[in-house]
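[1] Need a 3D model of the sequence below.
(4 chains)
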Amino acid sequence: MTKLWANQVLTIARLEVRKAFLSKRGLWVYLLALFPAVLFFGHGIDTQWKRKQWSQQVTSRSLVESVQIGERAADVRLKLGKPLRDFEYRRRRDGNDESRRMMEYFDGQRRYKFHFVDDLLKDKSDQALASLEEDTQVFSGMFQYFYLRLAIFFGCLGIFMNLFRGEMLDKTLHFWFLAPVRREVLLVGKYLAGLVASAIIFGGGTMLAFFAMLWALDPADVQAYWQGPGMGHLFWYTASAMLGCVGYGSVFLAAGLLLRNPIVPASMILLWESINGFLPAILQKLSILYYLQSLCPLPAPVDKNMPAVLRLILAPAEPAPAVWAVLGLLGVTALVLWVASQAVRRLEVNYSTE
Amino acid sequence: MVPVLELDNLRVQLGRREILKGLSCRLGVSEGGGRAIGLLGPNGAGKSTLIQTMLGFHAPLSGTAKLFGFDCHRQPKEVRARLGYMPENDSFIANMTAVAFLRMMGELSGMPRGAALEKAHETLFHVGLGEARYRQLGTYSLGMKQMAKLAQAIIHGPELVILDEPTNGLDPAARLRMLTLIHEIKATHKMNVLLCSHLLHDVEETCDEVLILKDGRIVHHANLEEERRSNRRFVELELGGVTTGFAAALGTLGAAGVDEGEGRWRVVLPADIEIGALWRLAAERHLQVRKLTYRRDTLEEIFLKAVGHIRATPGDATKPPPLPVSPEEVTHGRL
Amino acid sequence: MAVYKRGYQRYEGPRTGTWDRLMVLPRFSWGQLMSQRLVIAVLIGAAFWPLLCGIFIYIANHIELLAGFGQGFQKFLAVDGSFFKTFMIVQSTFAIGLAAMTGPGLIAPDLTNNALPLYFSRPMSRWEYVLARMIVLAGMLSAITWIPGLLIFGMQVGMAGGDWFSKYWNLGLAVFLGFAMLVILASLVALASSAWVKWRVVAGALVLGFFFVLAGAAQMMNSIFRDSAGSLLNPLYLLGRLWAAMMGIDSPDESEPGLWACASALIGFCALMIVVLERKLRPVEVVK
Amino acid sequence: MSNEIIFTEVSKFYGEVLGVNRVSLRVPPGITSLVGPNGSGKTTLMNLMCGLIHADQGTISVRGISPRNPEQLMRQTGYCTQFDAAPRGYTGYQFVSASLLLHGYSPAEADERTWRAIDRVNLREAAPRKVAGYSKGMRQRIRLAQSIAHEPDVLILDEPLNGLDPLVRAETIALFREFAARGKHVILSSHVLQEVDVISDQVILIANGSIIAEGQIHNVREEMTEHPSQFLIRCPDAAKVAALLFAEDHITEVRLHADRQGLLVLTRSRERFSELLNQIVLGGQNIESIVQADANVDSLYEYLIGGGR
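    As a prediction, this is how the structure comes out:
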């Protein structure tokens, strides 16, 4: 008997995966998943283009560092020669007009910016053109703030909610209920389809973003990174993305079965997980995001423009060990799927208007 | 007299498929008073597409469609000001009461506020939704929604009312009411009606002329009175009791008869024999005459002949009818 | 005794002009919207902040009431560009909330039950339908944006007298034009999202998404590229920049995108919404 | 394994809305028509039979299998529903072949069965197109194809003839007859009563969620004695014939038609009325036509459900 069930689960999954991947309505999920990869790729191209442009006008580092605050713009220009960019503009700051000037120099590795107010050097800032260390920090921030909370969250909401709730609203659920398939087998088949689709889209999206981050950096750093923690990072990022699909997928599948209005559960979970950092430790463990974040190799940098007062009470709980995180996630998923199977047995086809 | 609808080699394409392939005709030419035009055709023949092109929803590939002399594509406002449209599928606003819905539709058709309110109540009583007029449309049954759709099509008293499958899915009581309403629209209120339906029985009851489409072409345009030549010689009989040997008895009168089973007979009387002869024949053999009527070409036969599935309607042939038209014959002809 | 057969008579009377017909949909929609408790709640909620600002202006113009406070507090009381800008920013979040709540409710009922053919079989073009829906939303949003804005501006001019007016007359214009831009953008976004996604609730979420998720995405772009071109994706940022320019408040430092870039990005968003409306708002779904 | 569909004391409410109330039925194989006004519970009965909805109380068995077990039930049952939509983006071919694959047929056999079913409803040229682009009639036919593709023993159809034009309707009726001839169940709901009268072996009249009458049309008619039979006669001299008719005791009512050329006659016994007519004609009166006004389901329906004359 189980051989028939397995066969049916695979058939359902194949039918539904085709729909999940190719449906025009699902296009925005791809956008969400590939947005970071596109950005990092663009960033890579941008740095390469800048390196090519700027390397024609390299000024030695010692010379650049010899410039002091307060020097006149003309003197600096005389000493350092023609800057990469010389930009004059007027700025109005609390009532009075100021003439501003900004010059940029490049020493082969780092870019230096000099800000002149009324022709006197006011401040100096420098930034590495491309640094692996900085990029990995940005990636970790992007992954935990954008990818887990927004992309995977709303992507799974779209894909898994569509499996049952979408069919109810399209008035096509009866097609599945009239097939000689047990309801539980139908549920497993559809869940598998949603899982395969979301895991490939988001797992792939994470990997693409990871490689897009690395390709433009200087090969030596990248090689060292691969020898070092690189491979582990890639694995854990992808694993947490896929486990995110498993966790959120089961929750939204069950929500699609139990509730008429998908936005209510989504906004509740979103709210719960966005205030996660401020909750007492035990409460924090009650959310999927907590387990996913504890899988991520690098801690996420705290959002720089978060107001200081909030940052004080932010007390992120100590991340759970990886093994517990995965087990916790799978446990939550199994429980939610069991609830869903009870609900699908009682589900009736009643397309009355909302 | 300006015809209601005039098509001049109209061709319409939806997506990649050409639906209407060159239609030319003049419909609804009448001295005065309302004219009911039936639009018939098998599924996918382009009926709805033609109606939507008249409403200006699709731009014609070539050729023109004129309503009361106005071009449907170039002068949509003039055309739409003169017509009321009852769409085929469910089409309503759930959270509005019937009165509010009709008032809005009336005002959108150019009626001043006061008149729209009066007409809304008047029309709702007319279509039989009098006591449900303050309820929200979302709570209406299928039949009541069809009536509400009809009400919004006639509230502003248009010159042409286009009805797309008005009786589809209605139970007999509601269907009867809908047909009487359509008849009243044409007869008492002098509004022209374009009725598109696949229920031939309904078209037969209400329409003066019929346009039959097939695969986007006009295959038949007929004035129903002429087509339906009532052939006095063609009789339908239903007998109770033992009917063996009745065929032979008919032969003696020179009439040809075909037994259709369960006592149902089709008989063609020769010119000189009166209907009374049949009674005497039945009485002599102690047969009960359950049904005796003159048989007319139903619109179904006209339709089947027009779309080419039977050679001729029974009433057509002056010679005795070929094998009578029965579902089996149609099926073999088709497969 | 005369028996009248008074049943349905065909209407032969005069027909109203285009403008009256255009105002039919707004009249009915306003009536319906005003009957929803939630809408009334938001409208009342949106009145508190202008009230507060009004009180602030009153105090600012009657310094003697605050004799006891020190000099520093005096400067804080200045009623100038930045005061009106903060007023507009807070009111715009209310406006967006109202647009997300009421906008989809306007078009969605017509789409779910396929009522569009009823509208377009009447002498009314698609753009008149969209304009009518826009008027409904613009009416609602103006009630909580530039109307209270001009009220408190008038109050300030009344109290502060002619010279304040000669110095800050452009603020009044900025309040009106700034809010007008917001109302048009919010209405277009609300109508386009409800035409794109047939379900009312998801369309509301899409409107909120448009304003806030885009802001998140823009901020992320900035952090990855380490410059600020990404802000062009953030509609509220663009509006803020245009408001600031109109009010003559200090412009940001040199790396922020230029004023013209912001304006053209906004126009780009509006154009995108109009394209969505043109493609999705069809009387009959033509399946290729 | 009994080969009947049995309902015992089944009732179903959608919240407060009445679906069906205490329905008990035994449906033998053959063509059975479910007739009743909109909202009388026809669709509810069919959905209950296929397990789309579950009964609040009472038991249902379809040829011995309970609807709570879709795996076996749907192997022997095909349901052509009233719901218009096919899963998003499916073409006609996919719509039929997908459900066959779910039956566990091999792709080759599924393909062969799909084309056979599609040819039965002659939609071959429309098969590669998306169902969303089909007209109402074509959707009806593709649904029919899907419900007969796996050769079920029980074929349940909700308003199958709704939206079909005459030639397709005739073919569909022939298909039902062929199924019934092979000893299968064909249960269809309809209110285009002209067809139901012609094609069904037995009729189930349902109104307001309960069964009013069940059985052969004609013997249902016999069981209902309290309503007299009704005849419409056309004859040149209607007044004279009316006088003759009144002389008989089994005539309960005679109504003169407006054009004084026709009579509507109500009689308690059809046989004696026919003999009477024969004598009248032999007596020299010429009767042009006689039609029984209430033999078909239309009038039966009117009597039982429409509240009778």
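[2] Low-confidence bits of the chain, can you list those?
    No chain was given, so I picked chain A. Where chain A drops to pLDDT under 70, the residues are A:22, A:24-25, A:90-97, A:302-317, A:352-354.
[3] sorry, should have said chain C
    C:4-6, C:64-77, C:250-255, C:285-288.
[4] Any idea how many residues pack against B:Thr97?
    Neighbourhood size, B:Thr97 [other CB atoms under 10 Å in any protein chain shown]: 18. Bear in mind the C-beta positions are built from the backbone N, C-alpha and C, glycine included.
[5] Show me the beta-bridge partners of it.
    Bridge pairing for B:Thr97 (DSSP bridges) gives the partners B:Gln136.
[6] what sits against whatever residue of the stretch 1-150 of chain B ends up closest to chain D?
    Residue nearest to chain D within the stretch 1-150 of chain B (CB to the nearest CB): B:Asn43, separated by 3.0 Å. Contacts for B:Asn43 (CB atoms under 8 Å, 6 or more residues apart in numbering or on different chains) come out as B:His198, D:Ser135, D:Lys136, D:Gly137, D:Met138, D:Arg141, D:Gly163, D:Leu164, D:Asp165, D:Val168.
[7] export those residues to TSV and tack on pLDDT, distance to chain A and secondary structure?
    Below are the contacts of B:Asn43 laid out as TSV (pLDDT from 0 to 100; distance: CB to the nearest CB, whole Å; DSSP: H, G, I helix; E, B strand; the rest coil):
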residue	pLDDT	distance to chain A	secondary structure
B:His198	78	23	coil
D:Ser135	78	18	coil
D:Lys136	76	15	helix
D:Gly137	78	19	helix
D:Met138	84	17	helix
D:Arg141	87	16	helix
D:Gly163	70	17	coil
D:Leu164	74	21	coil
D:Asp165	70	25	coil
D:Val168	76	23	helix
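[8] Can you classify the residue of the stretch 1-150 of chain B closest to chain D as helix, strand or coil?
    Under DSSP: H, G, I helix; E, B strand; the rest coil, the three-state class of B:Asn43 is coil.
[9] B:Val193 sits in which helix or strand?
    According to DSSP states H and E, B:Val193 maps onto strand B:192-196.
[10] same check, this time on B:Arg26
    Remark: B:Arg26 resides in strand B:17-27, with elements defined by DSSP H and E.
[11] helices or strands next to that strand in the packing?
    strand B:5-14, helix B:47-54, strand B:62-67, strand B:209-214, strand B:217-223 (3 or more CB pairs under 8 Å, 6 or more residues apart in numbering or on different chains; DSSP states H and E).
[12] residues in the stretch 1-150 of chain D within reach of chain A, list them.
    Applying CB under 8 Å from any CB of the partner chain, we find that the stretch 1-150 of chain D lies next to chain A at D:14, D:47, D:50-54, D:70-75, D:79, D:81, D:83-89, D:95, D:98-99, D:101-104.
[13] Please flag which of those residues sit within helices.
    D:47, D:50, D:70-75, D:95, D:98-99, D:101-103 (DSSP state H).
[14] what's the most distant pair in the residues you listed?
    D:Asn47 and D:Leu101 (24.1 Å; CB to CB).
[15] who's more crowded, those two?
    Between D:Asn47 and D:Leu101, counted using other CB under 10 Å, D:Asn47 has the larger neighbour count: 25 against 22.
[16] Just give me the neighbour total for the residue of the stretch 1-150 of chain C at minimum distance from chain D.
    Closest residue of the stretch 1-150 of chain C to chain D, CB to the nearest CB: C:Asn114 (12.0 Å). Using other CB under 10 Å, C:Asn114 has 17 neighbouring residues.
[17] With C:Gly31 instead?
    10.
[18] what do you get for C:Ser193?
    Number of residues near C:Ser193 (other CB under 10 Å) recorded here: 26.
[19] ok, now how distant is the spatially most central residue of chain A from C:Leu281?
    For chain A, the residue sitting closest to the mean C-alpha position, by CA atoms, centre = their mean, is A:Tyr147 at 2.0 Å. Here A:Tyr147 is placed at a distance of 35 Å from C:Leu281 (CB to CB, to the nearest Å).
[20] got it, and C:Gly161?
    With CB to CB as the criterion, C:Gly161 and C:Leu281 are 50 Å apart.
[21] Between these two, tell me which one has more neighbours.
    The neighbour count for C:Gly161 versus C:Leu281, taken as other CB under 10 Å, is higher for C:Leu281 (21 against 11).
[22] residues contacting that one?
    C:Ile107, C:Leu116, C:Arg126, C:Tyr129, C:Val130, C:Ala195.
[23] Serialize those to CSV and add fields for neighbour count.
    Converted to CSV, the contacts of C:Leu281 look like this (neighbours: other CB atoms under 10 Å in any protein chain shown):
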residue, neighbour count
C:Ile107, 26
C:Leu116, 21
C:Arg126, 15
C:Tyr129, 23
C:Val130, 20
C:Ala195, 24
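[24] could these go into CSV alongside distance to D:His250 and secondary structure?
    Formatted as CSV, the contacts of C:Leu281 follow (distance: CB to CB, whole Å; DSSP: H, G, I helix; E, B strand; the rest coil):
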residue, distance to D:His250, secondary structure
C:Ile107, 66, helix
C:Leu116, 60, helix
C:Arg126, 68, helix
C:Tyr129, 66, helix
C:Val130, 71, helix
C:Ala195, 69, helix
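[25] hmm, stretch C:256-275 touching chain A?
    No - using CB under 8 Å from any CB, stretch C:256-275 never reaches chain A; the gap is at least 10.1 Å.
[26] Can you mark which positions in that stretch are buried?
    Within stretch C:256-275, the residues that count as buried by 16 or more other CB atoms under 10 Å in any protein chain shown are C:Glu256, C:Pro257, C:Cys262, C:Ala265, C:Leu266, C:Phe269, C:Met273.
[27] Pull the most distant pair out of those residues.
    Maximum distance among these (CB to CB): 24.9 Å, for C:Glu256 and C:Met273.
[28] Quick one: name the residues of the stretch 101-250 of chain C near chain A.
    C:112-113, C:199, C:201-202, C:204-205, C:213, C:216-217, C:220-221, C:223-226, C:248, C:250.
[29] need the contact list for the residue lying closest to the residue of the stretch 1-150 of chain C closest to chain D once chain neighbours are set aside.
    In this structure, C:Asn114 finds its nearest non-sequential neighbour in B:Ser91, 4.8 Å apart by CB to CB, 6 or more residues apart in numbering or on different chains. B:Ser91 makes contact with B:Lys149, C:Asn113, C:Asn114, C:Ala115, C:Pro117, C:Leu118, according to CB under 8 Å, 6+ apart.
[30] Can you say which of those are buried?
    Here, 16+ other CB under 10 Å leaves B:Lys149, C:Asn113, C:Asn114, C:Ala115, C:Pro117, C:Leu118 buried among those.
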